[in-house]
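Trainee: predicted model, plus sequence, below.
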Amino acid sequence: MYCIINGYWKNDKTEFSGLLVRAYDDTPSDSDKFTDDDIFYYGLCEEQIVSLIEDGENTFLQFVILSYEKA
């Protein structure tokens, strides 16, 4: 599963948008529409993304996710 996230970096509050995350930490196969170079972060499923949005800055990540959509 792929999602596109929007948010900001915790250290300087710089916003970002349109970053691609993948639920699994494996390299995309040839049949996937995205390549490894397209992916910003591996290992976040939709359930985790929703939880991270709820937790705001109180997460282990260096960035905060404000919103997402399935890619």
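Mentor: Arrived safely.

Trainee: right, and residue 39 touches residue 20 too?
Mentor: Yes: between residue 39 and residue 20 a contact is recorded at 5.2 Å, counting by CB atoms under 8 Å. For glycine as for every other residue, the C-beta is placed from the backbone atoms N, C-alpha and C.

Trainee: show me what stretch 49-67 is in contact with.
Mentor: 3, 5-11, 16, 21, 44, 68 (CB atoms under 8 Å, 6 or more residues apart in numbering).

Trainee: return the set of buried residues in the helix or strand containing residue 67.
Mentor: For residue 67, the host element (DSSP states H and E) is strand 63-70. By neighbour count on 16 or more other CB atoms under 10 Å, the buried set for strand 63-70 is 63-65, 68.

Trainee: that older thread, mind checking which of the contacts of stretch 49-67 are buried?
Mentor: Looks like the contacts of stretch 49-67 have 3, 5, 7-8, 21, 44, 68 buried, using 16+ other CB under 10 Å.
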